[in-house]
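> okay, sequence plus prediction incoming.
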Amino acid sequence: MFEPQVKAFSSVVICKLGSNVSLHCQGINAFDNGQSFFYWMFKGESSAQNPRWFTSLDYNRTVIEDPPVVNFSLLIVNVSHVDIGIYTCFVELLHGVSYNASMHLRLANLGKLWNALFK
């Protein structure tokens, strides 16, 4: 039996102000008889509390993976300065044990980025 894990697809996500950005995590062997809870936290606020955040789960029960995997994401609409920081994705199992991974949302420095791309 595999120990449950949560993995962030990237440790840093770079975006620009006003854009929409998606953060992605993966729960591995993180099912508890179908009663697992997947959610995000940022500065003490859960993904259910912010009207500009949209969560999604992506798993296909017809595909048998060993261990089972579920991808879950957080879409942040119209990124502003208050959205910049560290986000944590969680999987909480029915018996109360939770697993998590974190990623840092950063603003692109478009001046340096432009110079690097078009030197």
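Received it, and whenever you're ready, just let me know what you need.

> can you spell out which helices and strands pack onto the top strand by length along the chain?
Counting residues, the longest strand found in the chain (DSSP state E) is strand 98-107. Strand 98-107 is packed against strand 5-8, strand 12-15, strand 21-28, strand 85-92, with contacts defined by 3 or more Cβ pairs under 8 Å, 6 or more residues apart in numbering; DSSP states H and E. C-beta: built from backbone N, CA, C; applies to glycine.

> buried set for that strand?
Within strand 98-107, the residues scored as buried using 16 or more other Cβ atoms under 10 Å are 99, 101, 103, 105.

> for stretch 21-37, same thing?
21, 23, 24, 25, 26, 27, 28, 29, 30, 31, 36.

> can you report phi and psi for the last one?
Dihedral angles of residue 36 (phi, psi; degrees, to the nearest 10) stand at phi -90, psi 150.

> same check on residue 4?
With angles defined as degrees, to the nearest 10, residue 4 sits at phi -60, psi 150.

> did I read that right, residue 48 in a helix?
Yes - Residue 48: assigned to a helix according to DSSP: H, G, I helix; E, B strand; the rest coil.

> point out where this structure drops to low pLDDT.
1-2, 31-34, 58-65, 110-119 (pLDDT under 70).

> how much space separates the closest residue to residue 16 other than its chain neighbours from residue 19?
Nearest non-adjacent residue to residue 16, counting by Cβ to Cβ, 6 or more residues apart in numbering: residue 108, 5.0 Å away. In this view, residue 108 and residue 19 are 9 Å apart by Cβ to Cβ, to the nearest Å.

> check residue 53 too.
Taking Cβ to Cβ, one finds residue 53 at 14 Å from residue 19.

> between the two, which one's more packed in?
Higher neighbour count among residue 53 and residue 19: residue 53, with 19 against 12, using other Cβ atoms under 10 Å.

> before we move on, the earlier item: next one: phi and psi at the residue nearest to residue 16?
Backbone dihedrals for residue 108, given as degrees, to the nearest 10, come out at phi -70, psi 140.

> what's it in contact with, if anything?
Residue 108 is in contact with 14, 15, 16, counting by Cβ atoms under 8 Å, 6 or more residues apart in numbering.
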